[in-house]
Structures are given as structure tokens and as C-alpha cells.
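Participant: I would like the atomic coordinates for the input below:
(one chain, ligands or ions: 2)
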Amino acid sequence: MQAARPQTQAAATRCRKATIVRSTAAPATATKLNTKRSEEIFKEAQELLPGGVNSPVRAFKSVGGQPIVFDHVKGAYCWDADNNKYIDYVGSWGPAIVGHANDEVNEALKAQIEKGTSFGAPCELENVLAKMVIERVPSVEMVRFVNSGTEACLSVVRLMRAYTGREKIIKFTGCYHGHADQFLVQAGSGVLTLGLSDSPGVPATTAAATLTAQYNDIESVKALFEANKGEIAGLILEPVVGNSGFIPPTKEFLQGLRDVCTKEGAVLCFDEVMTGFRIAKGCAQEYFGITPDVTTMGKVIGGGLPVGAYGGKKELMQMVAPAGPMYQAGTLSGNPLAMVAGIKTLEILARPGAYEHLDKVTKRLISGILDAAKETGHAMCGGSISGMFGFFFCEGPVSSFEDAKASDTAKFGKFHRGMLEQGVYLAPSQFEAGFTSLAHTEEDIDRTIEAARTVLKSL
Ligand SMILES: Cc1ncc(COP(=O)(O)O)c(C=O)c1O
Ligand SMILES: N[C@H](C=O)CCC(=O)O
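Facilitator: Numbers count the residues shown, from 1 in each chain. Ligands and ions are numbered 1, 2, ... in the order given. Predicted coordinates for the structure are as follows:
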């Protein structure tokens, strides 16, 4: 076991000093995993489900090899169908922030199951979770619960349009806001991982109403507002990008967006589906001190059950039916199980030391991995905020999707496979952020850093 490593200065600074050394050593495939059951199950799945999966990035297409088929999860760990155990840094793509299958969340869920799993009618649990969200998130005075992040984001765009009477929206290249038509324009996540710049089936008129700017480049945003005077309903962004890999914003960039939207009468939306309650108790908007007009949420707010939400100033939210004319509905919206899991998760996150723990373990992880890359002669840059992190195989700094594309994705693929063989489960794409949880211990982190050093040495 490696001794505890002191935390060093910001990861982003260090990565610029790393040098590229191409190694001829064999890739880290020495300890071959037994994945026989995973292979059998995935083979059958390919006959039953498109690509064998229900969401594209799970298929491991960009890192090569077969996906690991999960059997069960607990705390910071997951086990596959062949009973291999991994330290998990995907956390179901973010929701598992208090650790997988958390006992307290599970107890609350079991009690709710006895009372019913779906009502399709108002219940007090909706008020409880709404109050927790409103208390914590600076921009939210009223909230509507939906069933996914996609649903939250597409609803918010409808709201922007209903409120302003304008049609065009601005998003950033490499940002992902779910799979609704208007977002499949230079999108991140699986769209980027699979190299699909957009998708067939999206009407040209819909795509044309989505304008794209470059992240961390306020001038590219101002130019769009200038060229489309009085036509832009709103702007949506990931306040910290996780869907082109981990890319933090500058505070000046976020402030610039706030100022330009106010000046132009456009609605500013922070898509906090990934960052919400992960970056800070009051989400990224609290962390950076910039208040958007509307916010979308998902992942953590459902504590591992399918949920999404959007909220904002009362003036805007009163447009939503039945308070106002903008229609949006859902059979399972406000589902009592999802509400219960969200309430318990937010309750646990409010306890003293929760965000300090996330910040501490994640900084230790990223600084250890970057040190290992430096020692072994690999160009790598990266960083973290609270329980969200990422790294790229390139000198850096990476401040936009355009920079991220220059990273060595083939090397990432080999690194990913090597880490699996060392018992570490990372997101199967260079263009996805990583997540830690309250269940990750310093021992887990040190084991991961040691694994990274072993794999990097072999690349
Ligand atoms: C920032 C962001 N917005 C929206 C979404 C869409 O959420 P969902 O997958 O729950 O539809 C995701 C993740 O997929 C996301 O990371
Ligand atoms: N990047 C996506 C969400 O954050 C990954 C989840 C998915 O699309 O399956």
C-alpha cells in the first residue's frame, strides 16, 4: 500500500509541465481479467438491445474491449457478473454521491415501497424535496420535478421560448444537455465519444435554431447575440463541463454570460444535472457566486432513482401549466420513491464535513494520478472541484471542447483497460468526467493512484 501523498498545488498548473514520452512498453494486459459471464451476457444483449445497451457510452466503443456487466454495487465499489470487484469512479454517472446502495437511502426506500411506488397524485414528499432545493439553490424559487435530466433541459428550453417569445438558443460545443432534438448539435458525452457531430432524425429547422459558441470564450457568445439581435431566447451551459471530460469555467466567463444575458433580455440556464449538489451544497452557482435565471437538475437529486427537475424565479416558473400556459407533464413525475431517495441523499449531504470529504479525497486522487503521469513521462493534465474530476492525455490546459479533442484518446483507451485489470472502474470515454462519493476512503484513493502508476509505467 502506498503511503499517503501530500496534496500539491493545482493540478492544472502541473499538467503544463509534463513532457510527452512515447513508450514502446507493452500495454497493461498482463493480469487478464476473467470476464466470461460479462461476455456471455453482453453477447445476448446485442441481439436484444441496440448495441447491447440502453445508453451508448456504456458500450465501451471508444476504449475498446467488451463492457463490464454489473451484478451489484455497494459503497465505493461495484462487482461484475464474474464477481470481479472494482473501485468505482462512475457512480452511476453521478447519482451515487453518498455511496452505492447507501443503508439510510435503502431503509427510506423500503419504508416507502410499503406505502406505494407511484401515486400520479400530489404527495407531501414533493413539498419536502422542493423546499430542500429552494433553500439550497440560489436561483430557485419554484421547482417542477420530471423524470430525467433530458426532460428537465428540454422543458427549460420551452420555458425560455415561452417567456421571451423568441426561438433561438445558444449552447456550447461539447456540452451535453440530454438527447432532445435541440441539443444534438455539436454535443458532448456519447455523441462526442462516438464521433457523431449531430444525429439523423433531428429536423434541420430545429438544429438551425440552436447556435453554438466556444466554452470559456465570451467573445464567441457576444458575436452570436450581435448577429441574432432580439432573436435569442436563452443560453444553456454546463457550469462546469463534464461531458467533454472535466473542464472548469473561469469566473469571468460565467460573469460575462450573466451580464450579456441580462443586457440582451435572454434567459440564462445553468444545466446542473451533473454539478447540482455535487460541486457544493448550493450547486455550481453557489460555488462560483453567479446566479442564473433557471436551473436544471437530475442525478444526485434522485439519489439513484430516475428523476430530473427544473426551477427558477417565480416570475418564470409561473408560466408552467397549470399555473401558466406552457405545457409540460409526466405520469411518473414527483414519483414517491424518487422523492424519498432524493430527500435522504440531500439530508446526508447537508451533514458537517460532507463536501470537505469529497473535496479532500478527489484532490488527493487527481494530484496522485498527475504525479504518477509526471514520474512515468506521460503528458497529462487535469483537475477537480469537490467530487468531480477529470484528466486528459495532453499537455493542457484544456479550457474548451476544441482543446479536449487534441488529447490522446488511444492512450486513454489503453489506460482504461489497464485500470480495469487493476480493479478500478473509470468512465469508458476520455470525454466523461469522473465522480467520487462519501464512501471513497483515502485507502481507496491510494490504491487507485498505485494502480495508475503501474498502468502508466506499462504504456
Ligand atoms: C449536464 C447534463 N445535462 C443533461 C443530462 C441528461 O440527463 P439524463 O441522462 O438523465 O437524461 C446529462 C446526463 O446525461 C448531463 O450530464
Ligand atoms: N455523460 C452522460 C451523462 O452525464 C453519461 C450517461 C449516459 O449518457 O448514459
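Participant: from here on, contacts and neighbour counts on C-alpha atoms
Facilitator: Fine.
Participant: what secondary structure does Ile449 sit in?
Facilitator: Following DSSP: H, G, I helix; E, B strand; the rest coil, we place Ile449 in the helix state.
Participant: quick one, what contacts it?
Facilitator: Leu365, Gly368, Ile369, Ala372 (Cα atoms under 8 Å, 6 or more residues apart in numbering).
Participant: quick one: it from ligand 2, how far?
Facilitator: Distance of Ile449 to ligand 2, computed by Cα to the nearest ligand atom, to the nearest Å: 24 Å.
Participant: do the same with Pro138
Facilitator: 23 Å.
Participant: Tell me the secondary structure at that residue.
Facilitator: Under the three-state scheme (three-state DSSP), Pro138 adopts coil.
Participant: ok, it - how many residues close by?
Facilitator: Using other Cα atoms under 10 Å, Pro138 has 21 other residues around it.
Participant: Correct me if wrong: it contacts Phe288.
Facilitator: No - look at Pro138 against Phe288 with Cα atoms under 8 Å: they stay out of range, at 11.3 Å.
Participant: For the residue nearest the centre of the chain, what are phi and psi?
Facilitator: Residue closest to the mean C-alpha point of the chain, counted by Cα atoms, centre = their mean, is Met274 at 3.8 Å. The phi and psi values for Met274, taken as degrees, to the nearest 10, are phi -90, psi -40.
Participant: same check, this time on the one 4 residues further on
Facilitator: Backbone torsions of Arg278, given as degrees, to the nearest 10, read phi -100, psi -40.
Participant: Run through the residues that contact the nearest residue to Ser399 once chain neighbours are set aside.
Facilitator: The shortest distance from Ser399 to any non-neighbouring residue, by Cα to Cα, 6 or more residues apart in numbering, is to Ile247 (5.8 Å). Contacts for Ile247 (Cα under 8 Å, 6+ apart) come out as Val240, Val241, Gly390, Val398, Ser399, Ser400.
Participant: before we move on, what about Thr250?
Facilitator: Per Cα under 8 Å, 6+ apart, neighbours of Thr250: Asn216.
Participant: contacting residues around Val340?
Facilitator: Applying Cα under 8 Å, 6+ apart to Val340 gives the contacts Val105, Ala108, Leu109, Gln112, Leu125.
Participant: Apologies, that question was intended for Ala152.
Facilitator: Applying Cα under 8 Å, 6+ apart, we find Ala152 in contact with Phe145, Val146, Thr296, Met297, Gly298, Gly308, Ala309, Tyr310.
Participant: so how far is the strand or helix carrying it from its chain's centroid?
Facilitator: Assigned by DSSP states H and E, Ala152 belongs to helix 149-164. Between the centre of helix 149-164 and the centre of its chain there are 19 Å (Cα atoms, centre = their mean, to the nearest Å).
Participant: That one close to ligand 1?
Facilitator: Yes - counting by Cα under 6 Å from any ligand atom, contacts between helix 149-164 and ligand 1 involve Gly149, Thr150.
Participant: now do stretch 71-90
Facilitator: No - Stretch 71-90 does not reach ligand 1 (Cα under 6 Å from any ligand atom); its nearest approach is 12.1 Å.
Participant: tell me the mean pLDDT over that stretch?
Facilitator: For stretch 71-90, the mean pLDDT works out to 98.
Participant: now what about that stretch, what contacts it?
Facilitator: 33-38, 68-70, 91, 98-102, 420, 423-427, 434-437, 439-440, 444, 448.
Participant: Could you identify the most distant pair in the contacts of Ile449?
Facilitator: Farthest pair in these (Cα to Cα) is Leu365 and Ala372. Separation: 10.6 Å.
Participant: quick one, which of these two is more surrounded?
Facilitator: Taking neighbours as other Cα under 10 Å, Leu365 and Ala372 compare with Leu365 leading, 25 against 22.
Participant: How about the secondary structure of the more buried one?
Facilitator: Per three-state DSSP, Leu365 ends up helix.
Participant: who touches the closest residue in space to it that isn't next to it in sequence in this structure?
Facilitator: Nearest non-adjacent residue to Leu365, counting by Cα to Cα, 6+ apart: Ile445, 5.6 Å away. By Cα under 8 Å, 6+ apart, the residues touching Ile445 are Val361, Arg364, Leu365.
Participant: ditto for Ala433
Facilitator: Shown in contact with Ala433 (Cα under 8 Å, 6+ apart): Gly242, Asn243, Ser244, Gly245, Phe246, Met388, Phe389, Gly390, Ala427.
Participant: quick one, what contacts the first one?
Facilitator: Counting by Cα under 8 Å, 6+ apart, Gly242 makes contact with Cys175, Met274, Phe431, Glu432, Ala433.
Participant: how about those in TSV, adding distance to Glu231?
Facilitator: Below are these laid out as TSV (distance: Cα to Cα, whole Å):
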residue	distance to Glu231
Cys175	22
Met274	29
Phe431	32
Glu432	32
Ala433	33
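Participant: Show me which pair in the residues you listed is furthest apart.
Facilitator: Across the contacts of Gly242 (Cα to Cα), the longest gap, 14.0 Å, separates Met274 and Phe431.
Participant: Wait, a strand at Gln430?
Facilitator: No - counting by three-state DSSP, Gln430 is located in no strand; its state is coil.
Participant: contacting residues around it?
Facilitator: Thr193, Ser244, Gly245, Phe392, Thr409, Phe412, Gly413.
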